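Visitor: Give the three-dimensional model of this entry:
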Amino acid sequence: MNKTSDKTVRPDDTLREKPRPGESRVSTDALFNGTRELIIEHTGEEYRLRITSKGKLILTK
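Guide: Numbers count the residues shown, from 1 in each chain. Have a look, this model is predicted:
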């Protein structure tokens with residue numbers, strides 16, 4: 001994260017950082033494609049990722 005001179009972190013600057021090797025970056029707009037919930041399958045288990053009414057993300061099993 002980038003820091004200002006008063007050492008506060010500006011979250012909007014983190015979006016400009018390039019992913020590290022082994023990471024990828026996907027926007028929630030692209031990931032959710034107009035929906036508010038999606039199902040992720042991982043090792044045979046089902047997880048739900050949803051956007052709350054306040055715009056937060058919640059992952060549940």
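
Visitor: Just the residues contacting the host helix or strand of residue 39, thanks.
Guide: Here residue 39, judged by DSSP states H and E, is contained in strand 37-42. Residues from elsewhere that reach strand 37-42 (Cβ atoms under 8 Å, 6 or more residues apart in numbering): 31-32, 46-51, 59. Quick note: C-beta positions are derived from backbone N, CA and C, even for glycine.

Visitor: repeat that for 6 Å
Guide: 32, 46-50 (Cβ atoms under 6 Å, 6 or more residues apart in numbering).

Visitor: do stretch 50-61 as well
Guide: Residues contacting stretch 50-61 (Cβ under 6 Å, 6+ apart): 36-37, 47-49.

Visitor: Would you format the contacts of strand 37-42 as CSV with distance to residue 25 included?
Guide: Below are the contacts of strand 37-42 laid out as CSV (distance: Cβ to Cβ, whole Å):
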residue, distance to residue 25
32, 15
46, 24
47, 20
48, 21
49, 16
50, 20
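
Visitor: With pLDDT and distance to residue 26 as extra columns, can I get those residues in TSV?
Guide: Formatted as TSV, the contacts of strand 37-42 follow (pLDDT from 0 to 100; distance: Cβ to Cβ, whole Å):
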residue	pLDDT	distance to residue 26
32	96	10
46	98	19
47	98	16
48	98	17
49	98	12
50	98	16
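
Visitor: Looking at these, spot the one nearest residue 23.
Guide: residue 49 (17.4 Å; Cβ to Cβ).
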